[in-house]
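Enquirer: please find the sequence and the predicted model below.
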Amino acid sequence: YSEDNLENIRNSARDPFGGDMWWMSCEEPFQALATCKEIINAIDSGCPSTYLCSLPVHMDGSCNGLQHYAALGRDTVGGRAVNLVSEKVPQDVYVGVMEEVIRRVEEEASRDVPLFTSLSLTKNQRDLRNRNKAAKLVVGSIDRGVVKRTVMT
């Protein structure tokens, strides 16, 4: 890709606001522009293989907090869920949590809870009724995005 676009990369690095501003068509334009400048600096250094690049490298883990807990606790089940343990297919802890949440919500929503027509309910009766009503409200609307933020924090 970079070899096919080397002229665009060089033009972007030399004069970002002149010409066709190729870098603006990239998904992350300012990251692309910074990368253009580094590529040209490396090439122009005379020895690109020893050029010290100053771009930050974004590394995304699989739920880093849980990775730390799994590693500290030497938890192979948790480690597998967050890709610390080698698997043929990468794992997605958020999908695993989502599947468990869906199972529990569906189970709660399917319970046959009495109507409790009495005005003076006990705390346990109120809790039972409220859990059941809440489950019936959210059943079918839980996806990966719903659980991700909660799992991350």
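Expert: Everything's here; your move.

Enquirer: now do the buried residues in stretch 40-49.
Expert: Of all the residues in stretch 40-49, those buried under the rule 16 or more other C-beta atoms under 10 Å are 40, 42. Every C-beta, even on glycine, is put in place using the N, C-alpha and C of the backbone.

Enquirer: ditto for stretch 26-42
Expert: 32-40, 42.

Enquirer: how about stretch 67-74?
Expert: Buried residues in stretch 67-74 (16+ other C-beta under 10 Å): 67, 70.

Enquirer: can you tell me the SS state at the most far-flung residue of the chain relative to its centre?
Expert: Distance from the centre of the chain peaks at residue 118, with 46.4 Å (C-alpha atoms, centre = their mean). When classified by DSSP: H, G, I helix; E, B strand; the rest coil, residue 118 comes out as coil.

Enquirer: so how far is residue 111 from it?
Expert: 19 Å (C-beta to C-beta, to the nearest Å).

Enquirer: same question, residue 48
Expert: Taking C-beta to C-beta, one finds residue 48 at 65 Å from residue 111.
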